[in-house]
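Peer 1: The sequence and its predicted three-dimensional model are supplied below.
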Amino acid sequence: MDEHESDAEPDTFEVTRRTVIETGTTALLLTTLPRAALAAGPVDDDKPQPAPVKVELQINGHTHSLTLDPRTTLLDALREHLALTGSKKGCDHGQCGACTVLIEGRRINSCLTLAVIHDGQSVTTIEGLATGDSLHPMQAAFVEHDGFQCGYCTSGQICSAIGMLAESRQGMPSYVTGDLTQPAAKLTDVEIRERMSGNICRCAAYPNIVAAIKQAAGMPT
């Protein structure tokens, strides 16, 4: 054995706290990714992209003609193309309700639907509820009962509440409706909470939201 080789110190590998954290994070990500993601190849930038399409949306009583990627969600069309930012992008998975708008009077999560699907349909956002300086009764009730704190979910809450009252008047039952023989379920606090359960308020202003909805529905609060 070479004399200098025998005297050399063995190679060492210094393990730092950063190395442990980075290695553990990488391992966790790899174990949680679906197999399809792990097996997927590189993105093919040369793959043909869908051709833009023309969409005509009736938003808050005004006609808007847009040329969009057909994969554009209604929420992104409102926010990014029309600067109607009242509809919020919260979870972008249809779980928080912050993006709720009204389509032909029916509430819908705008992050889960494509703009092209609603070509020619009437869309109402939070910006279209008031009449001039006069607030919509639901907006006024939310203000009176302090049905918001940070305000991020409020536009979705209000649009959803308006759609919910319309559903109730049409006799649509909910999961907690006890008597399905009645033309319409009584809007108890339990009914309202269940029907509004798709709209999350991280500030937990739920009691005030319920009171605001009852006032807008003409019920004692």
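Peer 2: Everything's here; your move.

Peer 1: ok so Cys111 is a strand residue?
Peer 2: No. Assignment of Cys111 by DSSP: H, G, I helix; E, B strand; the rest coil gives helix, placing it outside any strand.

Peer 1: State the number of residues packed around it.
Peer 2: Neighbourhood size, Cys111 [other CB atoms under 10 Å]: 23. Any C-beta I mention is one placed from the backbone N, CA and C, and that applies to glycine too.

Peer 1: Next: Ile103.
Peer 2: Residue neighbour count, defined by other CB under 10 Å, stands at 17 for Ile103.

Peer 1: That one and Gln58, how far apart?
Peer 2: Per CB to CB, to the nearest Å, Ile103 is found 10 Å from Gln58.

Peer 1: anything in contact with each of those two?
Peer 2: 121-123 (CB atoms under 8 Å, 6 or more residues apart in numbering).

Peer 1: Low-confidence stretches in this protein?
Peer 2: Where the chain drops to pLDDT under 70, the residues are 1-45.

Peer 1: how about the strands in it?
Peer 2: Applying DSSP state E to the chain gives strands spanning 53-59, 62-68, 100-103, 106-109, 122-124.

Peer 1: what's the last one packed up against?
Peer 2: Right, the one you point to is strand 122-124. strand 53-59, strand 100-103 (3 or more CB pairs under 8 Å, 6 or more residues apart in numbering; DSSP states H and E).
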